[in-house]
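> Need coordinates for the following:
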Amino acid sequence: MSPTFVVTVVVVLFVLIVLTSAIKVVQEYERGVVFRLGRLVGARGPGIILLIPFVERMVKVDLRTVTMDIPVQEVITRDNVTIRVNAVAYFRVMDPNAAIVNVADYIRATSQIAQTTLRSVLGQAELDELLAEREKINQTLQTIIDEQTEPWGIKVSIVEVKDVELPDIMQRAMARQAEAEREKRAKIIHAEGEYAAARQLADAAAVITSQPGALQLRFLQTLTEVSSERNSTILFPVPIDLLAPFLDKVGSVKAVGQGSND
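Numbers count the residues shown, from 1 in each chain. Below you'll find the model as predicted:
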């Protein structure tokens, strides 16, 4: 093997190494943060990035939205109920320079901040508030986490509480409470129906009292309804008004008889 061939191979390898370190390709969803002799130069890309070999160094940062699961956290609410809660957070890098320079690992740092904030916020809320006002709590979590990660160039867009696990004793107590609440509503609705029916009957009685013929019509309608059922025995109530003349006559006869005896 001749020395010329060896020198040629060494030169080719050196050129390849230089080109590899000097030419970088950055995707559309990435940015390259460039450092020159340890000093920040700025973000570049997307496309082909030319670096000064052995002088400049580039770190790629993904700008796509990251979906991060917040692990299950045990939380004691303000009314002393122990629950297990997990959540999900959506965030993305808005400032690649800050994400590389201001924090060592922005994904891990955001995860730790999210876990701490989740325990803190839910610990200040009562169980009923957590179950009924989920949107309000999600908004509070998103605001607090976003403010804490802003110096790192991170924008937290959404934080959602996914699941709330309650102890079995608390689940049974809530089931009894819900059952009692439904019974309460049923009794109230029944009482309101009775009240409305009584008012209607009172109004109907007032109409019948003002119109004597209405009572007779109602009586005939009742007979029609009873006869349609084909009962073997039908009782006919006689209005007192029909018997009043006879009662008056009997009373006058008795009075005359007592007068003659005297």
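
> Can you tell me which residue sits nearest the middle of the chain?
Note on the chain: the residue nearest the mean C-alpha position is residue 134, at 4.9 Å, using CA atoms, centre = their mean.

> Spell out, range by range, the strands that occur in the stretch 151-262 of the chain.
Shown for the stretch 151-262 of the chain, the strands assigned by DSSP state E, counting those that start in this stretch span residues 154-165.

> sorry, back to before: correct me if wrong: the residue nearest to the centre of the chain contacts residue 163.
No. Counting by CB atoms under 8 Å, residue 134 does not reach residue 163; the two are 11.2 Å apart. In this view, the C-beta of every residue, glycine as well, is placed from N, C-alpha and C.

> Name the spans of this protein whose pLDDT lies under the cut-off.
Where the chain drops to pLDDT under 70, the residues are 1, 171, 212-216, 219-220, 223, 225-262.

> cutoff 80 now
1-21, 167-175, 177-178, 201, 204-262 (pLDDT under 80).

> Show me what the longest helix along it packs onto, helices and strands only.
Counting residues, the longest helix found in the chain (DSSP state H) is helix 168-210. Counting contacts by 3 or more CB pairs under 8 Å, 6 or more residues apart in numbering; DSSP states H and E, helix 168-210 is packed against helix 212-228.

> downstream neighbour of the helix or strand in which residue 19 is found in the secondary structure list?
Per DSSP states H and E: residue 19 is located in helix 3-22. Scanning forward in sequence from helix 3-22 by DSSP H and E, the next helix or strand is strand 23-26.

> For that next one, name the packing helices and strands.
If you count contacts as 3+ CB pairs under 8 Å, 6+ apart, strand 23-26 packs onto strand 47-50.

> picking up where we left off before, angle of the longest helix of the chain against strand 154-165?
Counting by axes from the mean of the first three to the mean of the last three CA atoms, to 10 degrees, helix 168-210 lies at 80 degrees to strand 154-165.

> that older thread, give the closest residue to the residue nearest to the centre of the chain in space, chain neighbours not counted.
residue 161 (6.1 Å; CB to CB, 6 or more residues apart in numbering).

> residue contacts, that neighbour?
85-87, 118, 122, 130, 134, 137-138, 141 (CB atoms under 8 Å, 6 or more residues apart in numbering).

> secondary structure class for residue 80?
coil (DSSP: H, G, I helix; E, B strand; the rest coil).

> What distance do you get for it to residue 205?
Residue 80 sits 57 Å away from residue 205, going by CB to CB, to the nearest Å.

> okay, these two: which has more neighbours?
residue 205 (11 against 8; other CB atoms under 10 Å).

> to the chain's geometric centre, what's the distance from the helix holding residue 19?
64 Å (CA atoms, centre = their mean, to the nearest Å).

> need the contact list for residue 218.
By CB under 8 Å, 6+ apart, the contact set of residue 218 is residue 208.

> picking that back up, closest one of the contacts of residue 161 to residue 25?
Residue 25 lies nearest to residue 87 out of the contacts of residue 161, by CB to CB, at 36.3 Å.
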